[in-house]
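Chemist: here are the coordinates; sequence isn't available:
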C-alpha cells in the first residue's frame, strides 16, 4: 500500500518546485505529466532529450516516495534511457513502476509517451539510493 496518495505527492512536488502533475498513484508506481513549455521544444518541433531525462528521473523519485513516504533525500545513482521515437510537442506522460524496493536501493522502470499516444517515445531504468532510516 502506497504511503502517499495523489494529493500528498502533488503537494510535495509543488513544495520542491517540480514541474510535474501527478496523474495517478498505483500500488507499485505513479504516473506523472510534464506540461510542455516552449523551453522544452527543440528545433524541428520535438521535445528535448534533457526534458525527457528529467521526467524519467522525476517519475522514478516520485514512484519511490509514493511507496516509502516523503524521504526527499533519496538520490538517483543510475539512469539509463533509450530514446525510441520522436515525441510530439505536447505534454509528455511517464509511468514509473518499482521493480525492486530494498532497504538501501530501489529500481524503477519508466515508460514515457506523448500525451494521447500509445507508442513509447523513451524507456528508462533508474536506480535510487534510499538514505538510512531517520534521514529525511
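Modeler: Sure thing, it's come through. The shown structure was predicted, so the numbers you read here are calculated from the model rather than taken from an experiment.
Chemist: contact partners of stretch 34-44?
Modeler: For stretch 34-44, contacts defined as CB atoms under 8 Å, 6 or more residues apart in numbering pick out 19-21, 47-48, 51, 54-55, 58, 89-94. C-beta here means a position set from N, CA and C on the backbone, and glycine is covered the same way.
Chemist: stretch 65-73 now?
Modeler: So stretch 65-73 is contacted by 2-4, 8-9, 12, 16, 25, 28-30, 64, 74, 98, 101, 106, 130-131, 135-136 (CB under 8 Å, 6+ apart).
Chemist: and if you look at stretch 94-110?
Modeler: Identification of contacts with stretch 94-110 by CB under 8 Å, 6+ apart yields 26, 28-34, 55-56, 58-60, 62-64, 67-68, 74, 77, 81, 111-113, 122-130.
Chemist: out of these, which are buried?
Modeler: For the contacts of stretch 94-110, a burial check counting by 16 or more other CB atoms under 10 Å picks out 29-34, 55-56, 58-60, 62-64, 67-68, 74, 81, 111-113, 122, 124-126, 128, 130.
Chemist: point out where this structure drops to low pLDDT.
Modeler: Scanning the chain for pLDDT under 70 picks out the ranges 134-136.
Chemist: now do the contacts for residue 60.
Modeler: If you count contacts by CB under 8 Å, 6+ apart, residue 60 has them with 76, 79, 96, 108, 110, 124, 126, 128.
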